[in-house]
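Student: model this:
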Amino acid sequence: MTTGQHTSRYDNEIPASGNQAPPRLIAFYLTQFHPTPENDRWWGKGFTEWTNVTKAAPLFEGHLQPHLPTDFGFYDLRVRETRRDQIKVAKQYGIDGFCYHYYWFSGKRLLHLPLDDMLADPESDMPFCLCWANENWTRRWDAAEHEVLIAQEYRPGDDLDFIKSLIPFFQDKRYIRVDGKPYFCVYRPPHLPDVRKSLRVWRDYCRRIGLGEIHISAALTHGNEEYASFGFDSGVEFPPHNLRTAPVNNQVSFFNAFYGNLMQYESIANSFLDRDYRDPRIFKTVFPSWDNTARTKERALVVLNGTPDNYEYWLGATIDRAVRTGEKDELVFINAWNEWAEGCHLEPDRWHGHKFLQATQNAKMGLRRFATFPDVGLPETAKQEFWQEISKVVSYHVPLQIQRLRLAVNQIPWLRFMLLPFVRAVRALRVQR
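Tutor: As a prediction, the model looks like this:
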């Protein structure tokens, strides 16, 4: 790995006007760290996200698994003090708000206890917004149609019931607004049977009750890279969704059969930094690292070199780009605060401690320590594994080739006669040793 300390390659581009506020950093937040009756029934008594996290094992030499927490421990989000501690640390290192994943299935809510308690707790003084995770829950954690645990059914009347469930959050003084409007995003916009109808119902209801206009964002996930054609106000990136980079599986020797993808952080991040969209209002998103081995094992997406320095560069360059948009109210999202089973968290762990948090603060403060991504290539241990494999191949094939050469020489008398002094000299050296 190489490391350099320089100014950003984006510094020479045109800066934004001086009266523009810096973009707010919003971290996605998962509430699946407490037991629920549904998870007890589907996965066994006491299941939480920690159950998957602690079962993860390395897939290759140098693979940083499992991800285990330090400062906050294996917390239970039913405990208010845990959330308050998280907020204190997040604000200390420059996070301006949390975007909570919101699980609503035709009136049934899941993983909502921490969210409801946050709403009722004035000491949880962190700005927040919501992202409706409108996809099926499945046993394979892939939101597909097989082995569905609970499905999104989109029944008649759901549009109105859904927006009504959001109103108590919208009315809270901590709720995040964009251009003065309560902001929320939809994780899978194309799944809505009639997107424009849903948006119209949501907007009309908010106007009717006196809340006013709302800002609805479409998550750019599962191949979707549009928002305007659906009628949304903006789009929000959701890496590692919509990847455009190739895997590097053949560069690493796996312990067992591997059916997922191994990718480089630098390639993914550069792809998003350089990406332009047809629609203009896109909120950029970065991730600190990504490795969902804990959930999907041999089907995982593992991103190499998800290091604090690489993340700091990506976040800093993304902030610079957001500033240059000229928008007065810009957001930059981080995926995520605590997606532990996806190897994607700012919270301190046993591998990196507080380094991802410090990198967040460095990027927000305007420190531009790197000219490009400092950590690239294969981890040192993976490189050693590669040469170990080469050594094994050489050790196996060289003696075979020597034996074949010896047989060939013995079949040619004149060649054998010419090489005989050399062979005797080599044998004499062996005896002396």
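Student: For the stretch 1-150 of the chain, just list every one of the strands.
Tutor: 24-29, 97-105, 108-110, 128-132, 137-138, 148-150 (DSSP state E, counting those that start in this stretch).
Student: Parallel or antiparallel, which strands does the shortest one pair with?
Tutor: Using DSSP bridges, the strands paired with strand 137-138 in its sheet are strand 148-150 (antiparallel).
Student: next SSE after the strand it pairs with?
Tutor: Heading C-terminal from strand 148-150, the first helix or strand you meet, by DSSP states H and E, is helix 158-170.
Student: of the strands of the stretch 1-150 of the chain, which approaches T318 most closely?
Tutor: strand 24-29 (9.8 Å; Cβ to Cβ). Yep, even glycine has a C-beta here, placed from its N, CA and C like the rest.
Student: Q152 and K108, how far apart?
Tutor: With distances taken as Cβ to Cβ, to the nearest Å, Q152 is found 11 Å from K108.
Student: For burial, what's the neighbour tally of the closest residue to L192 other than its chain neighbours?
Tutor: Counting by Cβ to Cβ, 6 or more residues apart in numbering, S198 is the residue found nearest to L192 once chain neighbours are left out, at 5.0 Å. Residue crowding around S198 was assessed by other Cβ atoms under 10 Å; the count is 23.
Student: S198 contacts D159, doesn't it?
Tutor: Yes - at 4.8 Å, S198 and D159 qualify as touching, with contact defined as Cβ atoms under 8 Å.
Student: what's the helix or strand hosting the residue nearest to L192 in contact with?
Tutor: S198 belongs to helix 195-208 when elements are defined using DSSP H and E. Here helix 195-208 makes contact (Cβ atoms under 8 Å, 6 or more residues apart in numbering) with 159-160, 162-164, 167, 170, 182, 189, 192, 212-214, 216, 230-232.
Student: hmm, try it at 10 Å
Tutor: 134, 154, 157-160, 162-164, 166-167, 170, 181-182, 184, 186, 189, 192, 194, 211-214, 216, 218, 229-233 (Cβ atoms under 10 Å, 6 or more residues apart in numbering).
Student: The closest residue to F254 other than its chain neighbours - how many residues pack around it?
Tutor: Spatially, and ignoring its direct neighbours in sequence, F254 is nearest to F60 (5.0 Å; Cβ to Cβ, 6+ apart). Per other Cβ under 10 Å, the neighbour tally for F60 reads 21.
Student: correct me, but F60 touches V302?
Tutor: Yes - counting by Cβ atoms under 10 Å, V302 is a contact partner of F60 at 8.5 Å.
Student: can I see the domain layout of this structure?
Tutor: Per automatic domain parsing, the structural domains of the chain span 24-378, 384-432.
Student: May I have stretch 117-135 exported as CSV, CA atoms only?
Tutor: Extracted in CSV, the C-alpha atoms of stretch 117-135 (Å, rounded to 0.1, in the frame of the first residue of the first chain):
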residue,chain,number,x,y,z
ASP,A,117,-38.3,6.3,21.8
MET,A,118,-36.1,8.7,20.0
LEU,A,119,-39.1,10.8,19.0
ALA,A,120,-40.3,10.8,22.7
ASP,A,121,-36.9,11.6,24.1
PRO,A,122,-36.0,15.4,23.9
GLU,A,123,-32.4,14.6,25.1
SER,A,124,-31.8,12.7,21.8
ASP,A,125,-30.9,16.0,20.3
MET,A,126,-29.8,14.9,16.9
PRO,A,127,-31.5,16.0,13.6
PHE,A,128,-33.0,13.1,11.8
CYS,A,129,-35.0,12.1,8.7
LEU,A,130,-36.5,8.8,7.4
CYS,A,131,-35.9,6.4,4.5
TRP,A,132,-38.8,4.1,3.8
ALA,A,133,-37.2,0.6,3.2
ASN,A,134,-40.0,-0.5,1.0
GLU,A,135,-38.8,-4.0,0.0
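Student: pLDDT averaged over it - what is it?
Tutor: Regarding stretch 117-135, the rounded mean pLDDT is 97.
Student: How far away from the center of its chain is that stretch?
Tutor: With Cα atoms, centre = their mean, to the nearest Å as the basis, stretch 117-135 stands 21 Å off its chain's centre.
Student: quick one: buried residues of it?
Tutor: Buried positions in stretch 117-135, judged by neighbour count with 16 or more other Cβ atoms under 10 Å: 118-119, 124, 126-135.
Student: same thing with stretch 30-42?
Tutor: Buried residues in stretch 30-42 (16+ other Cβ under 10 Å): 30-34, 36, 38-39.
Student: next one: phi and psi at G306?
Tutor: Per-residue torsions, G306: phi -80, psi 70 (degrees, to the nearest 10).
Student: circling back: what two of the buried residues of stretch 30-42 are the furthest from one another?
Tutor: L30 and E38 (15.6 Å).
Student: How far does stretch 37-50 stretch from one end to the other?
Tutor: Taking Cα to Cα, to the nearest Å as the measure, stretch 37-50 stretches 16 Å from start to finish.
Student: per-residue confidence averaged over that stretch?
Tutor: 96.
Student: likewise stretch 174-181?
Tutor: Rounded mean pLDDT across stretch 174-181 is 98.
Student: winner for burial among the domains of the chain?
Tutor: A comparison of the domains of the chain by mean neighbour count, using mean count of other Cβ atoms under 10 Å, puts domain 24-378 on top with a mean of 18.
Student: Spell out the secondary structure type for M418.
Tutor: helix (DSSP: H, G, I helix; E, B strand; the rest coil).
Student: From K328, how far out is it?
Tutor: 86 Å.
Student: Quick check: which element contains the residue nearest to P22 when sequence neighbours are not counted?
Tutor: Distances taken as Cβ to Cβ, 6+ apart put V323 closest to P22, at 6.9 Å, once the chain neighbours are dropped. Taking DSSP H and E as the definition, V323 sits inside helix 308-324.
Student: which residues does S289 contact?
Tutor: 64, 67, 265, 302-308, 310-311, 339, 342-346, 349, 351-352, 356.
Student: Got phi/psi on it?
Tutor: According to degrees, to the nearest 10, S289 has phi -160, psi 170.
Student: Could you report the pLDDT at it?
Tutor: S289 is given a pLDDT of 98.
Student: picking up where we left off before, A246: which of the buried residues of stretch 117-135 is nearest?
Tutor: E135 (26.4 Å).
Student: Would you quantify the distance from the closest one to T221?
Tutor: From E135 to T221 the distance is 9 Å (Cβ to Cβ).
Student: what does L64 give?
Tutor: From L64 to T221 the distance is 26 Å (Cβ to Cβ).
Student: which stretches of the stretch 51-200 of the chain have low pLDDT?
Tutor: The model of the stretch 51-200 of the chain has pLDDT under 70 over residues 141-145.
Student: show me the contacts for N362.
Tutor: 93-94, 308-309, 312-313, 315-316, 368-369.
Student: could I get the host helix or strand of it in CSV with only the CA atoms?
Tutor: Here N362 sits within helix 355-365, counting by DSSP H and E. Extracted C-alpha coordinates of helix 355-365, given in CSV (Å, rounded to 0.1, in the frame of the first residue of the first chain):
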residue,chain,number,x,y,z
LYS,A,355,-10.2,6.3,12.8
PHE,A,356,-13.3,6.4,10.5
LEU,A,357,-14.8,9.0,12.9
GLN,A,358,-11.6,11.0,12.8
ALA,A,359,-11.6,10.8,9.0
THR,A,360,-15.1,12.1,8.9
GLN,A,361,-14.1,15.1,11.0
ASN,A,362,-11.0,15.7,8.9
ALA,A,363,-13.0,15.8,5.7
LYS,A,364,-15.6,18.1,7.1
MET,A,365,-13.0,20.5,8.5
